[in-house]
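Peer 1: Sequence unavailable; structure follows:
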């Protein structure tokens, strides 16, 4: 299994030393403490987001505004790519720079804990592209969150391939990246494992089988990760674009996860803006408005949909004994019925949820 081999490489003296110097040491990181934290997931749409999306040079400030004003303690990003922008080497680096003044940083991890690093020859020269479709990243707010050092001294953050979580899935699905990090709240919440995940959007049977396989395998991978890190029973927060929704895929990956014990934040008693979809694609918007319409489509209560719940492909889920979801929100800024374009950053809406730790 590729991930197991990669983690063995973490044990080199250099990588352990680097992790211990940079990260905050946690004396007792195995049991979760009490406290609430706010999590967000946000597909920011890649640099070349499809028309009628504005160019990244316009959207980048909007992305920073949505995240910076969200109040989220941890943010999982999707479609935050390694593609270059006019202002930074990669889209991820651009977002990191934009959010630094608001106090957001990415978890630190070593080269050895990145399965998606570009290959190099014996002289250290790059010899090829990344083996991954890089589209997942994490940010946390330093005022409220800190990264921990795990008891085993292995790096407490990294990037793996989806195929390392669910071996045997199709090659396109397997090559997608997954960002992970062990973090804790400065209010005593945690530690916890944060995961940002973006699954394949293809609608064919092969991709659907792979998505479901990831949902079935994720809990086992988490338990294995916690075990090798000396972090048994550490709770998990998943922030993800699963590219699956109940009406189209009633037995999809979201069902595989909840059937395995994951808590869907959408089940919170307190919910806001659930009548708006997490993605702005709907046949009723018109062909020329898909992704970036002037106004979002608003779902209404019907006999078949008594709560007026919109479709959603973006999820926040928790996994672990004692975790409770407090509230849930589809983050949307409107001027009347129309989008406030100052915040219309992506073809997705940010999703936000508060979790209470046991």
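Peer 2: It's in. All values derive from a computational prediction rather than experimental measurement.
Peer 1: Now do the helices in the stretch 101-250 of the chain.
Peer 2: Remark: helices assigned in the stretch 101-250 of the chain by DSSP state H, counting those that start in this stretch are 162-165, 171-174, 205-228.
Peer 1: Comparing these, which comes out most buried?
Peer 2: Neighbour counts (mean count of other C-beta atoms under 10 Å) averaged over each of the helices of the stretch 101-250 of the chain peak at helix 162-165, with a mean of 24. No exception for glycine: its C-beta is placed from N, CA and C like everyone else's.
Peer 1: Which other helices and strands does that helix contact?
Peer 2: When contacts are defined as 3 or more C-beta pairs under 8 Å, 6 or more residues apart in numbering; DSSP states H and E, helix 162-165 packs onto helix 2-9, helix 171-174, strand 177-185, helix 205-228.
Peer 1: roughly how far is that helix from the heart of the chain?
Peer 2: Distance of helix 162-165 from the chain centroid (C-alpha atoms, centre = their mean, to the nearest Å) equals 15 Å.
Peer 1: again with stretch 137-150
Peer 2: With C-alpha atoms, centre = their mean, you get 14 Å for stretch 137-150.
Peer 1: any idea of the mean pLDDT in it?
Peer 2: Mean per-residue pLDDT for stretch 137-150: 97.
Peer 1: Do me a favour and get the end-to-end distance for it?
Peer 2: Start to finish, the residues bounding stretch 137-150 are 20 Å apart (C-alpha to C-alpha, to the nearest Å).
Peer 1: Hmm, residue 281 is touching residue 293, no?
Peer 2: No: with contact defined as C-beta atoms under 8 Å, residue 281 does not reach residue 293; the gap is 9.2 Å.
Peer 1: What does the most far-flung residue of the chain relative to its centre show for phi and psi?
Peer 2: Within the chain, the residue lying farthest from the chain centre (C-alpha atoms, centre = their mean) is residue 123, at 34.5 Å. Note on residue 123: its backbone torsions stand at phi -90, psi 0 [degrees, to the nearest 10].
Peer 1: ok, residue 281 and residue 293, which is more surrounded?
Peer 2: residue 293 (20 against 15; other C-beta atoms under 10 Å).
Peer 1: returning to what we had before: can you redo the helices of the stretch 101-250 of the chain as TSV with distance to residue 70 and mean pLDDT?
Peer 2: TSV is the format used below for the helices of the stretch 101-250 of the chain (distance: least, C-beta to C-beta, whole Å; pLDDT from 0 to 100):
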stretch	distance to residue 70	mean pLDDT
helix 162-165	26	97
helix 171-174	29	96
helix 205-228	25	98
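Peer 1: Turn those helices into JSON lines, columns for distance to residue 266.
Peer 2: Compiled in JSON lines, the helices of the stretch 101-250 of the chain are given as follows (distance: least, C-beta to C-beta, whole Å):
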{"stretch": "helix 162-165", "distance to residue 266": "23"}
{"stretch": "helix 171-174", "distance to residue 266": "24"}
{"stretch": "helix 205-228", "distance to residue 266": "16"}
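Peer 1: Next, please give the residue ranges for the strands of the stretch 51-200 of the chain.
Peer 2: 74-78, 104-105, 136-141, 145-149, 157-161, 177-185, 192-198 (DSSP state E, counting those that start in this stretch).
Peer 1: Just list what the fifth one packs against, helices and strands only.
Peer 2: Packing partners of strand 157-161 (3+ C-beta pairs under 8 Å, 6+ apart): helix 2-9, strand 177-185.
Peer 1: go on, the first one?
Peer 2: The elements that strand 74-78 packs onto, with contact taken as 3+ C-beta pairs under 8 Å, 6+ apart, are strand 35-43, strand 136-141, strand 177-185, strand 192-198, strand 236-241.
Peer 1: Could you do the longest one as well?
Peer 2: If you count contacts as 3+ C-beta pairs under 8 Å, 6+ apart, strand 177-185 packs onto strand 74-78, strand 136-141, strand 145-149, strand 157-161, helix 162-165, strand 192-198.
Peer 1: The closest residue to residue 201 other than its chain neighbours: neighbour count?
Peer 2: What sits nearest to residue 201 in space, not counting adjacent residues and going by C-beta to C-beta, 6 or more residues apart in numbering, is residue 243, at 4.5 Å. Look at residue 243: counted by other C-beta under 10 Å, it has 23 neighbours.
Peer 1: quick one: residue 243 and residue 200 touch, right?
Peer 2: Yes: with contact defined as C-beta under 8 Å, residue 243 reaches residue 200; the gap is 6.5 Å.
Peer 1: Overlap in contacts, those two.
Peer 2: The overlap between the contact sets of residue 243 and residue 200 (C-beta atoms under 8 Å, 6 or more residues apart in numbering) consists of residue 211.
Peer 1: circling back to that earlier point, which among the helices and strands packed on strand 74-78 is found nearest to residue 114?
Peer 2: Closest to residue 114 of the helices and strands packed on strand 74-78 is strand 177-185 (C-beta to C-beta; 9.0 Å).
Peer 1: which regions of the stretch 1-150 of the chain sit below the pLDDT cut-off?
Peer 2: For the stretch 1-150 of the chain, the stretches with pLDDT under 70 are 1-34, 126.
Peer 1: hmm, 50 instead?
Peer 2: The stretch 1-150 of the chain contains residues with pLDDT under 50 at 1-32.
Peer 1: contacting residues for residue 289?
Peer 2: Contacts here follow C-beta under 8 Å, 6+ apart; on that basis residue 289 touches residue 52.
Peer 1: just residue 173 next, same as before
Peer 2: 162-163, 199-200, 207, 210-211, 214.
Peer 1: 7 Å instead?
Peer 2: Neighbouring residues of residue 173 by C-beta atoms under 7 Å, 6 or more residues apart in numbering: 162, 199-200, 207, 210.
Peer 1: Thank you, goodbye.
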